[in-house]
Structure formats: structure tokens, C-alpha cells
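[1] Could you look at this predicted model? Sequence included:
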Amino acid sequence: MQNLRLFAGNILRMIQLTNDILIPQIAEQIKNGYTVTLPLKGFSMRPFLEDGRDKALLVAVPAELHVGDVILAEISPQRWALHRIVNISGDDITMYGDGNFSPEYIKRKDVIALATGFYRKGKDTLDSVDSTLYIIYWKMWVRLRPVRRYLLGIWRLWHYPKATIKLISKKINKS
């Protein structure tokens, strides 16, 4: 479910749409030449992007995609993900969420949009994917894949100590 803010005159309404309704509408708007700002849902792009806090600015898919691009793609029927490309071989694309440990394999035809930037931490300014800081971040993060599990664990403990301790306690009690 995605929360959307709709303006009707001076009235702001929030509605929730499921992805099976929302994503095809986004794809249609992008095909018609519009850019779309998508509120992000999920935890697969942690630690850089947060559920419910951040938004992605999406545009039409360019003729050429590159390793490091963040794309919105249909990873299986009626399942979509906004993840980073880690490999391209012809029409075959491998992508990972920055907070995920397993890849998704898609075809070029499954790509719906390209993210050109992100509105993070409630700010109204766009963090462009072309900025030097962003490029350093993603290149470093991709290279850290072998130790990401541990880095994300430390990050989670730092940001959500009570929830992390509760999760660890549940796992210990199951053993």
C-alpha cells in the first residue's frame, strides 16, 4: 500500500493505493513524458532510503542503463522493486536492494522507470544521483556486499536498539 496526497482545491486528502493499482498508473504517466515522485515503501534500500520517509524522482527509462542506476522494475508478476543495477549482460539485468542479500534477475523489458534523485529525510531538496557524494556512496556500498549483513546489523542496532534487542531475544528463545 502506498500513501498518496491528493489536492482538491485547498483540501489535502491522503489515500492508500495498492501497488497493483499505483505502479501501472506511474508507468503510464512516465510513458506520457511526465516525471513521477514516488513515496517509498519497504526496507530493501536501507540504510540510504527509508520506508515512509523518502521519495524517489522517476523518469522514463533511457536507451542505455548502467551499473549503479536505481530502477523501478517488475520483478515478478504484480511485484515491483526499486533497486540498484549491479550487472547488465545484454537484456539480462541483475539488481539488488541496498539492504538486501539476494539479487533479483529481470529483463530489460521489465524496467518501468529510472530514479534520477531522492528526497530524503523529509527535505524538499533533491539528492541527485549525479552528485559526487551519491556516486561515492553507491560505489562503496556495492563493494561492501560481502560484509553488508554485519554493517546493516550495526546500523539497525544504532538506529532501532529496542526493536533489535527484541528481535535477537525472539531468535534466542526459539533456539
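    The structure has been received and is ready for your questions. The structure displayed is predicted, hence computed values, not measured ones.
[2] check which helix or strand covers Tyr134.
    helix 132-143 (DSSP states H and E).
[3] same deal with Leu57?
    Going by DSSP H and E, Leu57 is in strand 55-59.
[4] so what does that strand touch, helix or strand wise?
    Counting contacts by 3 or more C-beta pairs under 8 Å, 6 or more residues apart in numbering; DSSP states H and E, strand 55-59 packs against helix 19-31, strand 36-39, strand 70-76, strand 111-119. All C-beta atoms are positioned from the backbone trio N, CA, C, and that covers glycine.
[5] measure Val67 to Asp127 for me?
    20 Å (C-beta to C-beta, to the nearest Å).
[6] quick one, which of these two is more surrounded?
    Higher neighbour count among Val67 and Asp127: Asp127, with 18 against 15, using other C-beta atoms under 10 Å.
[7] Specify the beta-bridge partners of the more buried one.
    Applying DSSP bridges to Asp127 gives these bridge partners: Phe118.
[8] need the contact list for it.
    Gly117, Phe118, Tyr119, Arg120, Tyr134 (C-beta atoms under 8 Å, 6 or more residues apart in numbering).
[9] What residues sit buried inside the helix holding Tyr134?
    Across helix 132-143, burial judged by 16 or more other C-beta atoms under 10 Å covers Tyr134, Trp138, Trp141, Val142.
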